[in-house]
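Enquirer: Here is a sequence with its predicted model. Questions after.
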Amino acid sequence: MATNGHYRVKLRRRREGKTDYQARKALVTSGRPRLIARASLKNVTVQIAIAKPHGDEVKAAANSRELGKTYGWKAPTGNISSAYLTGYLCGLKAKNAGIKEAILDLGLIAPTKGAKVFAALSGVVDAGVDVPHSEEKIVKERMKGEHIAKYAKSLGVGSEEYTAKFSKYIANGVAPEKLPEHFTKVKNEITAAFKGGKPAPEPKHESDEAPKKKAPKEKAPKEKAAKATKEKATKTSKKGVKKE
């Protein structure tokens with residue numbers, strides 16, 4: 001509640017805890033492209049954007065769903081390995097777009113060691129984009145999913161607990177204890193797609209199919225009635241004309 005004439009209501013996104021405007025200002029005034037990494041339980045999104053007066057311009061973007069649609073990724077799309085591959089994919093797209101460097105934009109995410117955002121950062125860096133960072137925040141042995149494979153083996157392949165905890169892996173046809181090999185295969189697929197500086201193929205959607213030909217538009221009932229009346233009047237007038 002206001003206590004004096006100098007009270008000012010905070011900006012909406014600051015009140016909602018979504019934007020730290022002081023940090024945002026520092027990132028924008030740096031003049032560098034921003035590496036924006038965001039992760040949820042099921043997906044990871046990585047973008048490289050440049051701030052403009054009219055708003056942010058996204059120069060490269062990747063979502064973990066692309067891994068399965070285009071590159072054969074069968075494991076869940078919300079783990080550390082998929083975060084790395086999404087960052088790697090975005091980094092290669094950025095290089096094709098002429099982006100050579102960026103600065104990490106974490107928003108209000110706490111910079112916790114081994115977090116998904118740092119896995120995405122590691123992928124972008126490995127793709128060849130220079131991003132200032134501390135190696136202490138990145139846990140390299142987790143990128144390939146070796147910790148998942150180790151845990152799966154400790155449960156015992158085929159055991160009840162193994163089947164319950166890795167049901168999504170099994171349903172998609174990938175063994176969790178072989179996740180590092182699957183990771184390497186998918187990473188090679190992504191690298192091959194960008195070999196020679198060629199852009200990667202975009203995921204196919206149903207909307208991308210050729211549009212169906214439209215059926216000829218039928219005339220409205222009023223137009224049909226008017227045409228019939230006109231034709232009837234013409235026939236009547238012809239019958240009424242006598243030859244001299």
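Expert: Thanks, I have the structure now. Quick caveat, the model's predicted, so the values are computed rather than measured. Residues are numbered from 1 along each chain as shown.

Enquirer: got the phi/psi numbers for the most centrally placed residue in the chain?
Expert: Taking Cα atoms, centre = their mean as the criterion, residue 63 is the residue nearest the geometric centre of the chain, at 2.7 Å. Dihedral pair for residue 63: phi -130, psi 150, per degrees, to the nearest 10.

Enquirer: list the contacts for it?
Expert: Taking Cβ atoms under 8 Å, 6 or more residues apart in numbering, we find residue 63 in contact with 43, 44, 45, 46, 86. For every residue, glycine as well, the C-beta is placed using N, CA and C.

Enquirer: let's see 10 Å
Expert: Under the criterion of Cβ atoms under 10 Å, 6 or more residues apart in numbering, the contact list for residue 63 reads 43, 44, 45, 46, 47, 69, 77, 86, 89, 90, 203.

Enquirer: Can I get those in JSON lines including secondary structure, distance to residue 35 and pLDDT?
Expert: What follows is those, written out as JSON lines (DSSP: H, G, I helix; E, B strand; the rest coil; distance: Cβ to Cβ, whole Å; pLDDT from 0 to 100):
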{"residue": "43", "secondary structure": "coil", "distance to residue 35": "17", "pLDDT": "96"}
{"residue": "44", "secondary structure": "strand", "distance to residue 35": "13", "pLDDT": "97"}
{"residue": "45", "secondary structure": "strand", "distance to residue 35": "12", "pLDDT": "97"}
{"residue": "46", "secondary structure": "strand", "distance to residue 35": "7", "pLDDT": "98"}
{"residue": "47", "secondary structure": "strand", "distance to residue 35": "8", "pLDDT": "97"}
{"residue": "69", "secondary structure": "helix", "distance to residue 35": "23", "pLDDT": "95"}
{"residue": "77", "secondary structure": "coil", "distance to residue 35": "19", "pLDDT": "96"}
{"residue": "86", "secondary structure": "helix", "distance to residue 35": "12", "pLDDT": "98"}
{"residue": "89", "secondary structure": "helix", "distance to residue 35": "13", "pLDDT": "98"}
{"residue": "90", "secondary structure": "helix", "distance to residue 35": "8", "pLDDT": "98"}
{"residue": "203", "secondary structure": "coil", "distance to residue 35": "22", "pLDDT": "47"}
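
Enquirer: Good, wrapping up.
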